[in-house]
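Novice: Fold the following.
(one chain, ligands or ions: 1)
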Amino acid sequence: MNAKRPATTAAQADPCCFVIFGASGDLAHRLLVPALYNLAARGLLPEAFAIIGVARGEKSEESFRADLENGLRRFALGAIDSEIVRRLLGSVGYVAGGADDPATYSKLGEALKRIEHARETRGNRLFYLATPPSAFAPIGRRLGETGLAREENGAWRRLIIEKPFGTDLASAQALNRELLELLQERQIYRIDHYLGKETVQNIMVLRFANGLFEPIWNRHHIDHVQITVAESLTVGSRARFYDETGALRDMVPNHLFQLLSLVAMEPPSRFEAHAVRLEKAQALDAIHLPNDGTALNDSVRAQYVAARVGDNEIEDYRKTKDVRPDSTTETYVALKLMIDNWRWAGVPFYLRTGKALKSRRTEVAIEFKQAPFAMFRDTPVDRLAQNFLVMSIQPNECIGLQFNAKVPGPAIAISGVHMTFKYQDYFDAAPSSGYETLIYDCMIGDAILFQRADGIEAGWRAVQPFLDAWRNAGPRGLAVYKAGSEGPAEADQLLARDGRRWRSIA
Ligand code: BG6
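Specialist: Residues are numbered from 1 along each chain as shown. I've put the predicted structure just below:
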């Protein structure tokens, strides 16, 4: 094999001040600062750069800097170079205050003025909302009202907003409305960390940079699509949030729909933010909205129950600390979705995601239609292996094709075989969480990998019939599955009904 190809490089981002709301939280320490470090190590952060933290607790700049450094040393994905840390954290400010308190914003304004002058960051500001979702609208409103986010004198002002963006269609629409009253859509970067993953971005390249796949990427050749995000972890310490949220809201309108829309979208007219996001939103918008009966029929919700997994005893979800003992929150969901357009009519998209499953696996599998008849004696069509194209996103980053081949020997015997491309065989990439790409893109003003209001709302619109049907049906219909299994039997039946099977996640 040839030498591995190095990762691409890019120009340094513009000078800017990086303001983190929720600066003492887990996200800031675990993901944001390590991502900033990786950008600095790759030479992508500007010289003129400063970090300002905003959080409730009183803290000196020195102790904030020490917190950031400790977090970085704990969560960095690779070795740490002290010189890069010194430069990255060379200019740090801290503002104590609540998200909805006007005093916070006057202090923030002063800190920005002081630091922007000292560091010559040209007034460019990136506000990162790493807070609980209840703070998104108040922060957006205060930043808008105080003018701190107003773009003037050639300086840009951008907001990155974490998920969850709303808890249903109505709340997502309300949040979009509130934000857009005071800010421009082009200033708002709604993040979904799945779009920072290389293999997720590669779905578009696979489809639109090759002549091979697109001609067969439609209802004439594709039997169905399976999208799986299986997690082996339990809800762990996030139970309070999770019990209010559930697997459907936590994963489907965002991460799974990112995968679905990249697979289902039409080719964009240009590779730029408006065109790409338009096509993705239209794919989501074409998802069929079922009535209550169909929604119940085409969905499975389930909760994990205790089991021994390897050396660990996993307890019932309901016994987890901070979970209500009679909770009916689903920790697993499987859906059958239909897309009402010319490309996909009649092709089911089966989606599943859950916690405490047998293994961690994220993949998109496209199953092609069977050969129309088998000319090989004694090999009926239904015994031929299915033709799958599998885009594996984690833990292994690879793309594989499963097809039939002749078993060597005098008789005609046929067996399914695999051809696999592994990222690590071809490319040398530094470890990254995906946040690097997204933060850098925001700094250079490229919104392709961020969600626009229409995409977010189309996603919620498509899951709303399931939320409604489940609410109307009450706890009836909540299935269970053993921790460490591949999911509930009901999910197998969802596909068996259509004469299909899930791929194993083992
Ligand atoms: C988060 C969800 O958005 O994504 C978590 O809130 C989930 O519940 C996580 O575990 C999965 O991300 P990844 O990158 O590990 O697949």
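
Novice: shaky segments in the stretch 251-400 of the chain?
Specialist: 377-382 (pLDDT under 70).

Novice: 50 - rerun?
Specialist: Of all residues in the stretch 251-400 of the chain, none has pLDDT under 50.

Novice: Could you pull out the strands in it for me?
Specialist: Remark: strands assigned in the stretch 251-400 of the chain by DSSP state E, counting those that start in this stretch are 299-305, 307-309, 312-314, 332-337, 349-354, 361-368, 388-394, 398-407.

Novice: Pick the most deeply packed of those.
Specialist: Neighbour counts (mean count of other C-beta atoms under 10 Å) averaged over each of those peak at strand 332-337, with a mean of 26. In this view, the C-beta of every residue, glycine as well, is placed from N, C-alpha and C.

Novice: just to revisit the earlier point, could the strands of the stretch 251-400 of the chain go into JSON lines alongside distance to the ligand?
Specialist: Output for the strands of the stretch 251-400 of the chain, formatted as JSON lines (distance: least, C-beta to the nearest ligand atom, whole Å):
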{"stretch": "strand 299-305", "distance to the ligand": "14"}
{"stretch": "strand 307-309", "distance to the ligand": "17"}
{"stretch": "strand 312-314", "distance to the ligand": "16"}
{"stretch": "strand 332-337", "distance to the ligand": "12"}
{"stretch": "strand 349-354", "distance to the ligand": "9"}
{"stretch": "strand 361-368", "distance to the ligand": "6"}
{"stretch": "strand 388-394", "distance to the ligand": "6"}
{"stretch": "strand 398-407", "distance to the ligand": "16"}
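
Novice: Looking at the ones you listed, spot the one closest to residue 75.
Specialist: Judged by C-beta to C-beta, the one of the strands of the stretch 251-400 of the chain that comes nearest to residue 75 is strand 388-394, at 18.1 Å.

Novice: ok, that closest one: who's next to it in the sheet?
Specialist: Strand 388-394 pairs in its sheet with strand 361-368 (antiparallel), strand 398-407 (antiparallel), by DSSP bridges.

Novice: quick check, distance from that strand to the centre of its chain.
Specialist: 16 Å (C-alpha atoms, centre = their mean, to the nearest Å).

Novice: ok, back up a step: now distance to residue 444 too, for the strands of the stretch 251-400 of the chain, in JSON lines please.
Specialist: JSON lines is the format used below for the strands of the stretch 251-400 of the chain (distance: least, C-beta to C-beta, whole Å):
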{"stretch": "strand 299-305", "distance to residue 444": "40"}
{"stretch": "strand 307-309", "distance to residue 444": "44"}
{"stretch": "strand 312-314", "distance to residue 444": "44"}
{"stretch": "strand 332-337", "distance to residue 444": "34"}
{"stretch": "strand 349-354", "distance to residue 444": "32"}
{"stretch": "strand 361-368", "distance to residue 444": "27"}
{"stretch": "strand 388-394", "distance to residue 444": "25"}
{"stretch": "strand 398-407", "distance to residue 444": "28"}
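
Novice: What residue in this protein comes nearest to the ligand?
Specialist: Residue nearest to the ligand within the chain: residue 250 (4.8 Å; C-beta to the nearest ligand atom).

Novice: Below-threshold pLDDT in this protein: ranges please.
Specialist: For the chain, no stretch has pLDDT under 50.

Novice: buried sites along the longest helix seen in the chain?
Specialist: The longest helix of the chain (DSSP state H) is helix 453-473. Using 16 or more other C-beta atoms under 10 Å as the test for burial, helix 453-473 gives 453-467, 469-470.

Novice: a markdown table for the strands paired with strand 388-394, including distance to residue 79?
Specialist: Below are these laid out as a markdown table (distance: least, C-beta to C-beta, whole Å):
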| stretch | distance to residue 79 |
| --- | --- |
| strand 361-368 | 27 |
| strand 398-407 | 26 |
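
Novice: Now do the same contact list for the residue most central in space within the chain.
Specialist: For the chain, residue 194 is the residue whose C-alpha lies nearest the centre (C-alpha atoms, centre = their mean; 2.9 Å). Residues counted as contacts of residue 194 (C-beta atoms under 8 Å, 6 or more residues apart in numbering) are 200, 254-255, 258-259, 434.

Novice: From those, pick the one nearest residue 160.
Specialist: residue 434 (13.3 Å).

Novice: Identify the residues contacting the residue nearest to that closest one when sequence neighbours are not counted.
Specialist: Leaving aside its sequence neighbours, residue 434 sits nearest to residue 196 (C-beta to C-beta, 6 or more residues apart in numbering; 2.6 Å). Residue 196 sits next to 432-438, 449 when contact means C-beta under 8 Å, 6+ apart.

Novice: Strands along the stretch 1-150 of the chain, start to end?
Specialist: Under DSSP E, counting those that start in this stretch, the stretch 1-150 of the chain gives strands at 5-6, 16-21, 49-55, 92-96, 125-129.

Novice: what packs against the last one?
Specialist: In this case it means strand 125-129. The contact analysis (3 or more C-beta pairs under 8 Å, 6 or more residues apart in numbering; DSSP states H and E) places strand 125-129 against strand 16-21, helix 136-146, strand 157-161, helix 435-443.

Novice: same check, this time on the shortest one
Specialist: Contacts of strand 5-6 with other secondary structure elements, assessed using 3+ C-beta pairs under 8 Å, 6+ apart, are made with strand 427-428.

Novice: Which elements pack onto the strand it packs on?
Specialist: For strand 427-428, the packing partners by 3+ C-beta pairs under 8 Å, 6+ apart come out as strand 5-6.

Novice: The strand it packs on pairs with which strands, and in what direction?
Specialist: strand 427-428 (parallel).

Novice: ok, the residue lying closest to residue 6 once chain neighbours are set aside - contacts?
Specialist: In space, and not counting its chain neighbours, residue 6 is closest to residue 428: 5.2 Å by C-beta to C-beta, 6+ apart. Contacts for residue 428 were tallied using C-beta under 8 Å, 6+ apart; they are 4-7.

Novice: Just the buried ones from the residues you listed?
Specialist: For those, a burial check counting by 16+ other C-beta under 10 Å picks out nothing.

Novice: Spell out which parts of the stretch 351-500 of the chain neighbour the ligand.
Specialist: Counting by C-beta under 6 Å from any ligand atom, the stretch 351-500 of the chain comes close to the ligand at residue 362.

Novice: on that earlier part again, which helices and strands does the longest helix of the chain pack with?
Specialist: When contacts are defined as 3+ C-beta pairs under 8 Å, 6+ apart, helix 453-473 sits against helix 169-182, helix 239-251, helix 257-264, helix 273-285, helix 292-297, strand 299-305.

Novice: As a markdown table, these with distance to residue 17 would be great.
Specialist: Shown next, in a markdown table, are the helices and strands packed on helix 453-473 (distance: least, C-beta to C-beta, whole Å):
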| stretch | distance to residue 17 |
| --- | --- |
| helix 169-182 | 20 |
| helix 239-251 | 29 |
| helix 257-264 | 29 |
| helix 273-285 | 23 |
| helix 292-297 | 46 |
| strand 299-305 | 44 |
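
Novice: Which among those is found nearest to residue 370?
Specialist: That would be helix 257-264 among these, by C-beta to C-beta, at 20.4 Å.

Novice: how far off strand 332-337 does the longest helix of the chain point, in degrees?
Specialist: Going by axes from the mean of the first three to the mean of the last three C-alpha atoms, to 10 degrees, helix 453-473 is angled at 110 degrees with respect to strand 332-337.

Novice: Adjacent strands (with direction) for the next helix or strand after helix 453-473?
Specialist: Going down the chain from helix 453-473, the next helix or strand is strand 478-482, by DSSP states H and E. Sheet pairing here is set by DSSP bridges, and for strand 478-482 it gives strand 299-305 (parallel).

Novice: The stretch 51-200 of the chain against the ligand: which residues are in contact?
Specialist: So the stretch 51-200 of the chain meets the ligand at residue 163 (C-beta under 6 Å from any ligand atom).
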